[in-house]
Every structure is written in C-alpha cells, then in structure tokens.
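>>> Quick one, fold the following:
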Amino acid sequence: MKFLRFILFPIVPFYYVITWFRNVLFDKGWLASKSYDFPIICVGNLSTGGTGKTPMVEYLIRLLKDDVKLATLSRGYGRQSKGFQLGGANTNASILGDEPFQFYNSFSEDITVAVDANRQEGIANLLQLSNKPEVILLDDAFQHRKVKAGFNILLSTYDNRYTKDFVLPTGNLREPKSGAKRANLIIITKCPENLAEGDKQKIITEIKPLANQQVFFSWISYSDKVYSENKTIALDQLGDDFKLVTGIANAKPLVSFLKLKNLKFEHLNFKDHHDFLSSEVEYLSKYKCIITTEKDYMRLKTEVSLQGKLFYLPIKMVIDNSSKFDAIIKTYALN
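Model prediction:
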C-alpha cells in the first residue's frame with residue numbers, strides 16, 4: 001500500500017489543484033454556500049477518517065442537550081437506505097449508518113438524529129419537523145461547503161497531524177492544508193494524557209493558528225467495563241479467552257490500552273465501517289466472549305448467534321482546558 005501511494009505521487013499536484021480551486025470558488029462566492037440564521041456547528045477533518053469525530057460529536061451532545069433542542073445530521077456512511085432518514089424505534093445501523101445509529105442509541109431521548117448525503121436538504125427537512133432543532137451538529141461535513149456552518153471544529157490526530165501530511169493519493173489529506181483556515185477551533189486529538197506544556201506549544205507553533213483560531217488538545221478515556229444490552233463486565237474479569245473485533249480506521253490505541261491492562265486476546269481487524277458477512281458472524285459465534293467498539297457493536301448486536309457473548313468498550317473524549325472550550329461552544333450555540 002505504501003509503495004502504491006509512493007508511485008502515485010505524480011498525481012498529487014493534480015488533486016491539490018482541483019481541491020484548492022474548488023475551495024477558491026466557494027471562498028469567492030462563485031459556487032453557492034448557504035448560510036443559516038441559527039447555530040450550526042460542523043465537526044470534521046482534513047484527513048481521511050480516524051480523527052475522533054464521533055467522540056467529539058458525543059461530547060458536544062452531552063454539553064448542549066439540556067439547554068437547546070439539538071439535532072445531529074450525518075451523511076450516514078455505509079447505510080443501505082437513501083435520502084433523508086430520521087432515527088426512530090424501527091431504525092438500525094443499515095438505515096442510519098453505524099455512527100448516527102450510535103448517536104441514536106445513546107441519546108434518543110434527548111436529541112434528533114438524522115442522515116442525508118445532501119446536507120442542505122437534510123437541514124430543510126429537520127426544520128420542517130414539529131419539534132424542529134434550535135442547534136444542528138454537522139458530522140463530518142468540513143468539505144461539504146454547500147452549507148456554510150456558523151462554527152467549524154477541525155480535528156487532527158497527535159500522531160498524524162495535517163501539518164505533516166500530503167493530499168491524496170500519496171497522503172491522507174482530502175484538501176490542501178490551507179483549508180484549516182476555515183476552522184474556528186483546531187483540536188489535536190488522541191494525545192498522550194499527560195502531554196507536556198512545552199510539547200503543546202511546539203504543536204501550536206507548527207500549526208500557526210490565525211488570530212481568530214484557538215487550539216485545544218484532547219485524549220481518549222476508555223471505560224474500565226464492557227457492556228452489552230443487559231450485562232456489564234469489568235475489564236479485569238474478562239480473563240484471557242476473548243476476541244477483539246474492530247472495524248474502525250485505527251485500532252492501535254485500543255489494542256495498546258487493552259495490552260496495558262495485561263489482557264491477552266486475539267485481534268480480528270477489519271477496515272473502517274466494515275459490513276460483516278454472514279460467514280464472518282458465524283466464525284465469531286464460536287467464541288465465548290467478543291469485545292468490540294461501540295460503533296461495531298451497532299452493526300453486530302442484532303445477530304442472534306452473538307447474543308450473550310458480544311460486548312462493547314465505551315470511550316469518551318477528554319479535552320484539556322475543557323472549561324474554556326465549553327464556554328466558547330456555549331457562547332456560540334446559546335446566544
């Protein structure tokens with residue numbers, strides 16, 4: 001794969017120019033971008049996947065859900081449905097996509113969860129609801145420039161910051177680094193928990209934020225328990241006979257966390273948003289205990305053969321200087 005990316009390097013300038021020119025057309029108003037008279041917060045990245053968008057959206061949900069009528073709007077990547085869909089009692093991961101269904105599964109009593117590849121149409125449909133939202137969280141929409149969000153949060157991982165990357169196909173960037181100028185906040189995600197202040201300052205200097213931008217740092221906090229629909233097990237009670245199954249962009253932090261707990265396990269690693277085949281489910285059903293991510297659990301929990309043996313490990317995003325971050329978000333969303 002690395003060799004293929006290397007030999008495709010001559011294509012990089014063409015991809016760079018095309019995405020750069022597209023941004024220029026939106027910036028100059030030659031391509032239309034619709035603005036709205038209520039708060040819309042966009043969470044996204046410059047690179048392809050794995051930066052922590054889902055934990056970030058869930059953080060914002062917890063922060064805002066008690067103060068405003070809140071909705072999430074996602075593309076619904078990997079779903080089998082089309083057009084606008086609302087989370088409801090009869091929806092599942094195949095209708096909403098795994099990440100939006102995770103939002104619905106966790107927060108259905110507090111928020112509205114919707115998906116639509118066309119974000120303008122999705123917003124229009126949300127505004128027609130009898131209980132229409134007062135604030136909308138756009139999930140993974142930083143490059144969806146037909147909607148002009150009032151507030152943009154850009155995520156970039158500590159180990160693979162956009163400042164050190166190239167555009168596709170040699171690198172992972174969906175657009176040139178200059179796209180970061182559209183962000184109000186830049187969050188460096190998946191940091192070491194005790195990142196030194198000097199290291200933070202070096203990263204801020206590397207990013208060179210604009211005068212109107214602020215940089216925050218975050219890390220992932222893992223639960224000390226795994227969960228199913230009706231059972232909870234402490235990690236130190238799992239023993240050595242379980243299978244770790246992941247279908248996410250980067251499973252290395254999770255694997256490292258479990259190994260630090262001195263747990264012994266086999267790891268079955270699939271690509272991000274993997275749609276599990278019946279043969280794969282049959283293979284997994286032979287194990288007594290299967291641990292997976294919450295996102296993967298949304299796709300697998302309806303499998304009858306996995307009932308009683310499938311568990312997920314919850315995670316949360318922790319933001320350094322969270323009181324300042326929370327105040328910035330609430331000032332925009334609630335005023």
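>>> Can you read off the pLDDT for the residue lying closest to R75 once chain neighbours are set aside?
Excluding its sequence neighbours, the residue lying closest to R75 (Cβ to Cβ, 6 or more residues apart in numbering) is A117, at 5.1 Å. For the C-beta atoms, the positions are set from N, CA and C on the backbone; glycine is no exception. Note on A117: pLDDT of 96.
>>> what residues are up against A117?
By Cβ atoms under 8 Å, 6 or more residues apart in numbering, the contact set of A117 is 75-76, 83.
>>> measure the residue lying closest to S33 once chain neighbours are set aside to G179 for me?
In space, and not counting its chain neighbours, S33 is closest to K148: 4.3 Å by Cβ to Cβ, 6+ apart. K148 sits 14 Å away from G179, going by Cβ to Cβ, to the nearest Å.
>>> got the buried residues for the helix ranked longest in the chain?
The longest helix of the chain (DSSP state H) is helix 12-27. By 16 or more other Cβ atoms under 10 Å, the buried positions in helix 12-27 come out as 12, 15-16, 19, 23.
>>> Show me what the helix or strand that comes right after it is packed against.
On the C-terminal side of helix 12-27, the closest following helix or strand by DSSP states H and E is strand 40-45. Strand 40-45 sits against helix 53-64, strand 135-139, strand 151-157, helix 322-334, with contacts defined as 3 or more Cβ pairs under 8 Å, 6 or more residues apart in numbering; DSSP states H and E.
>>> ok, and for the third one, which residues are buried?
When you say that, I think you mean strand 151-157. Those would be 151-157, for strand 151-157 by 16+ other Cβ under 10 Å.
>>> what does that strand rub up against?
39-47, 50-53, 56, 142, 162-163, 180, 182-190, 250, 329, 332-333.
>>> Tell me the buried residues within those.
The buried subset of these - by 16+ other Cβ under 10 Å - is 39-47, 50-53, 56, 142, 162, 180, 182-190, 250, 329, 333.
>>> For stretch 17-31, give the mean pLDDT please.
96.
>>> how far does that stretch sit from the chain's center?
25 Å (Cα atoms, centre = their mean, to the nearest Å).
>>> Restrict that stretch to CA atoms and write it as PDB.
Provided in PDB are the C-alpha atoms of stretch 17-31 (Å, rounded to 0.1, in the frame of the first residue of the first chain):
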ATOM      1  CA  VAL A  17      -5.000  22.000  -7.700                       C
ATOM      2  CA  ILE A  18      -8.600  20.600  -8.100                       C
ATOM      3  CA  THR A  19      -9.400  20.700  -4.400                       C
ATOM      4  CA  TRP A  20      -7.700  24.100  -4.000                       C
ATOM      5  CA  PHE A  21      -9.600  25.600  -6.900                       C
ATOM      6  CA  ARG A  22     -12.900  24.200  -5.600                       C
ATOM      7  CA  ASN A  23     -12.300  26.000  -2.300                       C
ATOM      8  CA  VAL A  24     -11.400  29.200  -4.100                       C
ATOM      9  CA  LEU A  25     -14.800  29.000  -6.000                       C
ATOM     10  CA  PHE A  26     -16.600  28.700  -2.700                       C
ATOM     11  CA  ASP A  27     -14.500  31.400  -1.000                       C
ATOM     12  CA  LYS A  28     -15.100  33.900  -3.800                       C
ATOM     13  CA  GLY A  29     -18.800  33.100  -3.900                       C
ATOM     14  CA  TRP A  30     -18.700  31.700  -7.400                       C
ATOM     15  CA  LEU A  31     -20.100  28.400  -6.000                       C
END
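>>> Flag the shaky bits of this protein, pLDDT-wise.
1-4, 6 (pLDDT under 70).
>>> which is the next helix or strand following the longest strand anywhere in it?
Ranked by number of residues, the top strand in the chain under DSSP state E is strand 214-222. Once the chain leaves strand 214-222, the next helix or strand it forms, by DSSP H and E, is strand 225-227.
>>> what sits against the residue nearest to the spatial centre of the chain?
Nearest to the mean C-alpha position of the chain, counting by Cα atoms, centre = their mean, stands K53 at 2.3 Å. Each residue near K53 by Cβ under 8 Å, 6+ apart is listed here: 43-45, 99, 139-140, 155.
>>> Looking at the residues you listed, which one is closest to R299?
E99 (10.5 Å; Cβ to Cβ).
>>> So the closest one, which state does it fall into?
Reduced to three states with DSSP: H, G, I helix; E, B strand; the rest coil, the structure at E99 is helix.
>>> Can you verify my assumption that it contacts R79?
No. Here E99 does not reach R79: they are 10.0 Å apart, not a contact under Cβ atoms under 8 Å.
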